[in-house]
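>>> Based on what follows, work out the 3D shape:
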Amino acid sequence: MKKSESTIKAYENSQFLESDEARTLRILSEYLEPLKRLNELKVNNTILFLGSSKAKVEEKDSPLTRYYWEAEELAYNLAKWAIKLKQKGKNFVVCTGGGPGIMEAANRGASRAEGKSIGMNISLPEDQLPNLYISPELSFMFNYFFMRKFWMLNKARAVVAFPGGYGTLDEVFETLTLVQTNKISREDVVILLYGEEYWRKIINFEELLKHKTISAEDLKLFFYCSTPKEAFSILKEKLIKFL
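The predicted model follows:
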């Protein structure tokens, strides 16, 4: 005999859990489950890679293809370096939004170095499936963008933003805003804008300064870099203090 809704425990009632009234429970679950899993797997801190989901290996004539392989190389170098640190727990774990493009490239580089990497995917009307290079035990799926962004940044000691569109710009500006307002200490995270030519064309920070919508100090919140070697050098120098 099928149980009526009145005889089902509340936490087993899928119709209730998917209702508007249970939204706070769903949000809380997206906070507590990643917290439990990351703690159990001893992930101390991460390096977050941002960038376009549209960068594809097979599109040889796309300007984004170059960035795919450079993200892969940088993630490989970082993961290989982090493994050798041999500290308690996992430090400087490569983390991405879990999808294709630059996200896939970073997870791929970490996998090539035989390191663990995180994918924090988002449920969308058009499915964005987790890429194949994420460590299975560190693959997350979120319903809420704000909870996903919270976890992408929560353990990040560095954010490396490769060229991207609306999603990447949203993530970059939210990160800069959190640091500018000291919600995240300027001493606690390194921000790299990878691909100086791209970022200088897309965001004219100097014009923001000229119009006095930001201060001169705000231009010191990030670094530009344009090669994996340059980015790796900056990150090694800045991150070592977190050990």
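>>> Look up how far L41 lies from E72.
23 Å (Cβ to Cβ, to the nearest Å). The way it works is simple: take the backbone N, C-alpha and C, and place the C-beta from them, glycine included.
>>> Backbone torsions only: list them for V160.
For V160, the backbone dihedrals (degrees, to the nearest 10) come out as phi -110, psi 110.
>>> Assign a three-state SS to the nearest residue to it once chain neighbours are set aside, would you?
Of all residues not flanking V160 in the chain, L192 sits nearest, at 4.7 Å (Cβ to Cβ, 6 or more residues apart in numbering). When states are read from DSSP: H, G, I helix; E, B strand; the rest coil, the local structure at L192 comes out as strand.
>>> Could you tell me how many residues sit around L192?
L192 is flanked by 24 other residues according to other Cβ atoms under 10 Å.
>>> That one is in contact with E237, isn't it?
No - contact status for L192 versus E237: not in contact, 11.9 Å apart, counting by Cβ atoms under 8 Å.
>>> okay, E72 and L41: which has more neighbours?
E72 (23 against 15).
>>> show me what contacts the more buried one?
Counting by Cβ atoms under 8 Å, 6 or more residues apart in numbering, E72 makes contact with 105-106, 108-109, 112.
>>> ok, 10 Å please
Counting by Cβ atoms under 10 Å, 6 or more residues apart in numbering, E72 touches 57, 102, 104-112, 133, 228.
>>> and the helix or strand hosting L235, what's its mean pLDDT?
Assessed by DSSP states H and E, L235 sits inside helix 228-239. For helix 228-239, the mean pLDDT works out to 97.
>>> contacting residues around it?
Outside helix 228-239, the residues that touch it by Cβ under 10 Å, 6+ apart are 45, 47, 69-78, 81-82, 85, 91-92, 109, 157-158, 160, 162, 189-190, 192, 194, 196, 223-225, 227.
>>> what's around the spatially closest residue to G97 that is not a sequence neighbour, how many residues?
Counting by Cβ to Cβ, 6+ apart, M103 is the residue found nearest to G97 once chain neighbours are left out, at 4.9 Å. Burial of M103, expressed as a neighbour count using other Cβ under 10 Å, amounts to 30.
>>> who are the neighbours in contact with M103?
When the contact criterion is Cβ under 10 Å, 6+ apart, the partners of M103 are 49-53, 55, 71, 95-97, 119-121, 128, 130-131, 133-134, 162, 164.
>>> mind listing what D188 touches?
45, 156-157, 179, 242.
>>> Mind jotting down where the strands sit in this protein?
If DSSP state E is used as the criterion, the strands of the chain fall at 46-50, 93-96, 117-122, 139-142, 156-161, 190-194, 223-225.
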